[in-house]
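Chemist: Predicted model and sequence follow; I will ask about them next.
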Amino acid sequence: MSLSIVSNLLDSIYNLLTRSDDIINFIPQIYLAPPQNPSYPFLLLELQKVTDQNQNFEVEFNICLFYREQTPQVGISLADKIDECLLRLKDYDLGFKILGIKQQNITLSKSEDTLTLKLSIKYLSLIRKI
């Protein structure tokens, strides 16, 4: 299994999100690894699972929004904008083909300090090296 294609997928998602004015205007920081002393709000891309299916790779990943708002609507409206960005990912020449990408579920949780909300969007993607 060549994980470089999975790394390219995450890099492509990162680049797409950082170039989206709708997202960067609200979330100025996007990370591929957990930050140590972040300022809020920020996004974190988390790779969950990769399954090799001969020619295809099934990739599960989360996009997590950490923010300090009292209302979850802010995060939910941003989740819609993230979905729109990911749908545009199919239009780019990435060195691999995205056969499908879909949102599986969304969870909202409060941290122990009750100040920070975490909105986690789980995605499933099927990609093929070309």
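Modeler: Looks like it arrived, so ask away.

Chemist: For the rest of this, base every contact and every neighbour count on C-alpha atoms.
Modeler: OK.

Chemist: so where's this structure shaky on pLDDT?
Modeler: 1, 70-72 (pLDDT under 70).

Chemist: contacting residues around G95?
Modeler: Counting by Cα atoms under 8 Å, 6 or more residues apart in numbering, G95 touches 129-130.

Chemist: ok, now T18?
Modeler: Neighbouring residues of T18 by Cα under 8 Å, 6+ apart: 24, 30.

Chemist: now with 7 Å?
Modeler: I24 (Cα atoms under 7 Å, 6 or more residues apart in numbering).

Chemist: Can you classify the nearest residue to S120 once chain neighbours are set aside by secondary structure?
Modeler: The shortest distance from S120 to any non-neighbouring residue, by Cα to Cα, 6 or more residues apart in numbering, is to C64 (4.3 Å). Following DSSP: H, G, I helix; E, B strand; the rest coil, C64 is assigned to strand.

Chemist: So what are the sheet partners of the top strand by length along the chain and their directions?
Modeler: If you go by DSSP state E, the chain has its longest strand at strand 96-110. Strands that pair with strand 96-110, judged by DSSP bridges, come out as strand 117-129 (antiparallel).

Chemist: rewinding a little: mind checking how far the residue nearest to S120 is from L99?
Modeler: 23 Å (Cα to Cα, to the nearest Å).

Chemist: So between these two, which is more surrounded?
Modeler: Between C64 and L99, counted using other Cα atoms under 10 Å, C64 has the larger neighbour count: 24 against 13.

Chemist: Go ahead and confirm that one touches P41.
Modeler: No. Using Cα atoms under 7 Å as the test, C64 is too far from P41 to be in contact (10.5 Å).

Chemist: now the strands for this structure?
Modeler: Ranges of strands within the chain are 29-31, 42-53, 56-67, 96-110, 117-129, based on DSSP E.

Chemist: so what does the second one touch, helix or strand wise?
Modeler: Of the remaining helices and strands, those touching strand 42-53 by 3 or more Cα pairs under 7 Å, 6 or more residues apart in numbering; DSSP states H and E are strand 29-31, strand 56-67.
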